[in-house]
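> Sequence plus the predicted model coming up.
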Number of protein chains: 2
Amino acid sequence: MRTVTIADVAKHAGVAVSTVSYVLSGKRAISATTRQRVLDSVRVLGYHPNAGARALASKRAKVIALVLPLRAGMNLPVLMQFATSVVTTARQYDHDVLLMTADEGTEGLHRVAASALVDGLLLMDVEIHDPRVPLLRKLAEPAVLIGFPADPEGLTCVDLDFARAGALCADHLADLGHREIALLGAPRVVYERGTGFAERTMAGFVEAARRHGIEADARPCEESFDEVQAAVKLLLDERPGLSGLVVHNEAAAGHVLGALRILGRRVPEDVSVVAICPDDIAERASPALTSVLIPAEDVGRQAVRLLMAKLDGQAVPESTLLEPRLTIRESSR
Amino acid sequence: MRTVTIADVAKHAGVAVSTVSYVLSGKRAISATTRQRVLDSVRVLGYHPNAGARALASKRAKVIALVLPLRAGMNLPVLMQFATSVVTTARQYDHDVLLMTADEGTEGLHRVAASALVDGLLLMDVEIHDPRVPLLRKLAEPAVLIGFPADPEGLTCVDLDFARAGALCADHLADLGHREIALLGAPRVVYERGTGFAERTMAGFVEAARRHGIEADARPCEESFDEVQAAVKLLLDERPGLSGLVVHNEAAAGHVLGALRILGRRVPEDVSVVAICPDDIAERASPALTSVLIPAEDVGRQAVRLLMAKLDGQAVPESTLLEPRLTIRESSR
DNA sequence: CCTTCGCGTCGAAGCGCTTCGATGACCTGC
DNA sequence: GCAGGTCATCGAAGCGCTTCGACGCGAAGG
């Protein structure tokens, strides 16, 4: 069966091709009766506009690019959640999502933009000195970044407010009366890459602790059980009075609990633990972890909304920070 | 700056538009000198063919759809690996990847196919009685499935040979001399959905154990630490002689080790543990887990290759099973 | 020497859609 | 009763590319 074109619909409905187009796009007034007739024909014939033709004629592909990183130290579940939310939200705006990996690099972005394959770009995991940023500034296509480069001037960036997240953890522990706390962060490589969010969390944490006038310590943390255990042991040896621990490392969160158990520290009686991680991981742990949620879904949704606004030619804020939320569970007291 | 079209290239190179097209597609012989002149112009002008126009004229979008599930019990890291490998491989064939979620359902597949947005489909996590299969049989666009529906007749399916994976674990434990073994599988909901791979693993495991004449037990397993611990305890109580444990549940693998530790069983001295999971998880555990790798990358690559072959009109096998590979680490002896 | 052939190139016809300007038909108000 | 305006619809001109048939030219064949 030959594929149905707009001409078939027009003939079936007894109207001009352009009329069908206007019914479908709503860009000109069409009488109710005609509209209905056209819509019926569309349904009867099972018409779907040809995407290529539409893109060619309208200069809008109705597709956005989602550029995902795939490197060490990335936090896969959060990435997936994020991707899911982007796709779902984009569909609500009648757009599709083209998936790209970050290692296509600047050239890849240029390719999809120049070929008009996509109307806009969504980049995840932007680094402080991201080589793609200069290109984005030049590109005609609008872009939204997840994460913040050193200079967000002229860009549109969204992210969880990681400084607030770090601070929230410190606040929580301070409020509970802890006087010596520490943060176990992402693997060292993440900091070396200058990914920003990890540093901002640490900074927020340390600053909040200072404000409360309590002792705080923050260091990177690798992800294998043995390394986590070693790190926890070292920390506890160095700081015997330590009673509050923040873990900003999804893969390590479970291991930290295991390590404390082995080291004979009870949670939360001896040590309170707060994690920065998705809820499902926190809930699956034992004891269930008090945690600050990384709202991947919100970030994805916001990012798409901003991009759609830019596609509509609306002005949008350069920077959007999402408020973190602390959920108290069993691991802190 | 106006975007560069093929006409600009043609003028710059002093040839006809069609000549430029033939140089770029290689579908007709072009003299070396002309070819070079055109190629130079392309480079100088920074020409990128317009995707929509190309798709319209050639009836090939050079885009494939990747349909990912996003439901409970899915194993995110493996999914990401898979997606990455699909994108990378597709790019090698000069194709892009449109990301869709499974909950767009049959209708979504129909939409992208009918609108010629994509040339082919890649579906992950196909269920035994998948409602999308009938549509795929009708569709003009070729499709490749990851996983097997009840009747793969007329389809193209790829997957890890999970029965072999289960058997491999049983073989390994039997070879080590264990006489009573058990498998902890995916959460119950996964079996209820009829996802196939979970059942096939169990079946392969049980069958291999039977062949070795040893006792085997297989049951679902939830993913929270407490439930894992309860399940392990129950198993150990019921089967005091149990000395070999297979875990086919990525989220639970770490928890199983923690539970055994708490229950006072040493790994591997008292109980040998084998996991079916990605290598990074196995390596990060303590002790490092002997594991059967889920070769997400291979599956993705194979799937794209098969799809590309179908797009070229080549015949491909209905079913492709990938051989699992066992890596011996510290958790079994 | 003329025909035949193949090679390299060109021009033009679409592909299916959007959008602009034009055209009637019909109303409004003076 | 007619100028002016509105509303609904139409026709046609592209959008940028691929592809088909045609054509000119030099080499090969008789």
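It's in. Numbers count the residues shown, from 1 in each chain, chains lettered A, B, ... in the order given.
> Low-confidence ranges, chain A, go.
A:1, A:71-76 (pLDDT under 70).
> Which segments of it make up each domain?
According to automatic domain parsing, chain A comprises the domains A:6-49, A:63-160+A:296-322, A:162-294.
> between the ones you listed, which gets nearest to DNA strand D?
domain A:6-49 (3.0 Å; CB to the nearest atom of the strand). In this view, the C-beta of every residue, glycine as well, is placed from N, C-alpha and C.
> What's the end-to-end length of the closest one?
7 Å (CA to CA, to the nearest Å).
> So is that domain next to DNA strand C?
Yes: on the criterion CB under 7 Å from any atom of the strand, domain A:6-49 is in touch with DNA strand C at A:6-7, A:17-18, A:21-22, A:24-25, A:27, A:47, A:49.
> Need phi/psi at the closest residue to residue A:96 other than its chain neighbours.
Among residues not flanking residue A:96 along the chain, residue A:63 sits closest, at 4.8 Å (CB to CB, 6 or more residues apart in numbering or on different chains). Residue A:63 has phi and psi values of phi -140, psi 140 when expressed as degrees, to the nearest 10.
> Could you work out the most separated pair of the residues of domain A:6-49 next to DNA strand C?
Farthest apart among those by CB to CB are A:7 and A:27. That separation is 19.0 Å.
> Could you show which parts of the stretch 151-300 of chain A are in contact with chain B?
A:223-226, A:229, A:251, A:254-255, A:257-258, A:261-262, A:283-286 (CB under 8 Å from any CB of the partner chain).
> buried subset of these?
Listed as buried from these are A:223-225, A:229, A:251, A:254-255, A:257-258, A:262, A:283-286; burial here means 16 or more other CB atoms under 10 Å in any protein chain shown.
> Which members of these are positioned in helices?
Counting by DSSP state H, those place A:225, A:229, A:251, A:254-255, A:257-258, A:262, A:283-284 in helices.
> Name the nearest of the residues you listed relative to chain B.
residue A:225 (3.5 Å; CB to the nearest CB).
> Tell me if stretch A:88-106 is near DNA strand C.
No: for stretch A:88-106, no contact with DNA strand C is found by CB under 7 Å from any atom of the strand; the gap never falls below 11.4 Å.
> Quick check, the residue nearest to residue A:96 in contact with residue A:119.
Yes: using CB atoms under 8 Å, residue A:63 makes contact with residue A:119 at a distance of 6.5 Å.
> For those two, work out which one has more neighbours and name it.
More neighbours surround residue A:63 than the other of residue A:63 and residue A:119, with 24 against 21 (other CB atoms under 10 Å in any protein chain shown).
> Closest one to residue A:147 out of the buried ones among the residues of the stretch 151-300 of chain A next to chain B, please.
residue A:251 (19.6 Å).
> so that closest one sits right up against residue B:284, yeah?
Yes: between residue A:251 and residue B:284 a contact is recorded at 6.7 Å, counting by CB under 8 Å.
> Mutual contacts of these two, please.
Common contact partners of residue A:251 and residue B:284 (CB atoms under 8 Å, 6 or more residues apart in numbering or on different chains): residue A:223.
> which residues does residue A:250 contact?
Contacts of residue A:250 (CB under 8 Å, 6+ apart): A:75, A:77-78, A:275, A:277-278, A:281.
> DNA strand C next: which of those residues are close?
Here nothing survives when those are matched to DNA strand C using CB under 7 Å from any atom of the strand.
> okay, those in JSON lines with distance to DNA strand D next?
Below are these laid out as JSON lines (distance: CB to the nearest atom of the strand, whole Å):
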{"residue": "A:75", "distance to DNA strand D": "39"}
{"residue": "A:77", "distance to DNA strand D": "40"}
{"residue": "A:78", "distance to DNA strand D": "38"}
{"residue": "A:275", "distance to DNA strand D": "51"}
{"residue": "A:277", "distance to DNA strand D": "46"}
{"residue": "A:278", "distance to DNA strand D": "43"}
{"residue": "A:281", "distance to DNA strand D": "47"}
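> Of the residues you listed, which is the most crowded?
That'd be residue A:275 among these, by other CB under 10 Å, with 29 neighbours.
> pretty sure that one contacts residue A:252?
No: under the criterion of CB under 8 Å, residue A:275 makes no contact with residue A:252, lying 9.1 Å away.
> where do the strands sit along the stretch 201-333 of chain A?
Listed in chain order, the strands of the stretch 201-333 of chain A (DSSP state E, counting those that start in this stretch) span A:215-219, A:244-247, A:272-276, A:290-293, A:319-322, A:325-327.
> wait, the stretch 51-200 of chain A
With DSSP E, counting those that start in this stretch, the ranges of strands along the stretch 51-200 of chain A come out as A:63-68, A:96-101, A:120-123, A:143-146, A:157-160, A:180-184.
> residue ranges for the helices of the stretch 1-150 of chain A, please.
A:6-13, A:17-25, A:32-45, A:51-58, A:76-92, A:105-114, A:132-138 (DSSP state H, counting those that start in this stretch).
> Let me have the longest one in PDB, keeping just the CA atoms, if that works.
Put plainly, it is helix A:76-92. Output in PDB follows, covering the C-alpha atoms of helix A:76-92 (Å, rounded to 0.1, in the frame of the first residue of the first chain):
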ATOM      1  CA  LEU A  76      23.800   6.000  35.000                       C
ATOM      2  CA  PRO A  77      20.400   5.700  36.700                       C
ATOM      3  CA  VAL A  78      20.100   9.400  37.000                       C
ATOM      4  CA  LEU A  79      21.000   9.800  33.300                       C
ATOM      5  CA  MET A  80      18.300   7.400  32.300                       C
ATOM      6  CA  GLN A  81      15.700   9.100  34.400                       C
ATOM      7  CA  PHE A  82      16.800  12.300  32.800                       C
ATOM      8  CA  ALA A  83      16.600  11.000  29.300                       C
ATOM      9  CA  THR A  84      13.200   9.500  29.900                       C
ATOM     10  CA  SER A  85      11.900  12.800  31.200                       C
ATOM     11  CA  VAL A  86      13.300  14.700  28.200                       C
ATOM     12  CA  VAL A  87      11.700  12.300  25.700                       C
ATOM     13  CA  THR A  88       8.400  12.400  27.500                       C
ATOM     14  CA  THR A  89       8.300  16.200  27.800                       C
ATOM     15  CA  ALA A  90       9.400  16.700  24.300                       C
ATOM     16  CA  ARG A  91       6.600  14.500  23.100                       C
ATOM     17  CA  GLN A  92       4.200  16.700  24.900                       C
END
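> Pull out the buried positions in it.
A:76-91.
> do stretch A:95-112 as well
Neighbour-count burial for stretch A:95-112 [16+ other CB under 10 Å]: A:95-102, A:104, A:108-112.
> roughly how far is it from the heart of the chain?
How far stretch A:95-112 lies from its chain's middle: 17 Å, per CA atoms, centre = their mean, to the nearest Å.
> cool, and stretch A:311-318?
The chain centroid and the centroid of stretch A:311-318 are separated by 19 Å under CA atoms, centre = their mean.
> Show the end-to-end separation of it, please.
One end of stretch A:311-318 sits 15 Å from the other (CA to CA).
> out of the residues of the stretch 151-300 of chain A next to chain B, who's nearest residue A:12?
residue A:283 (54.5 Å).
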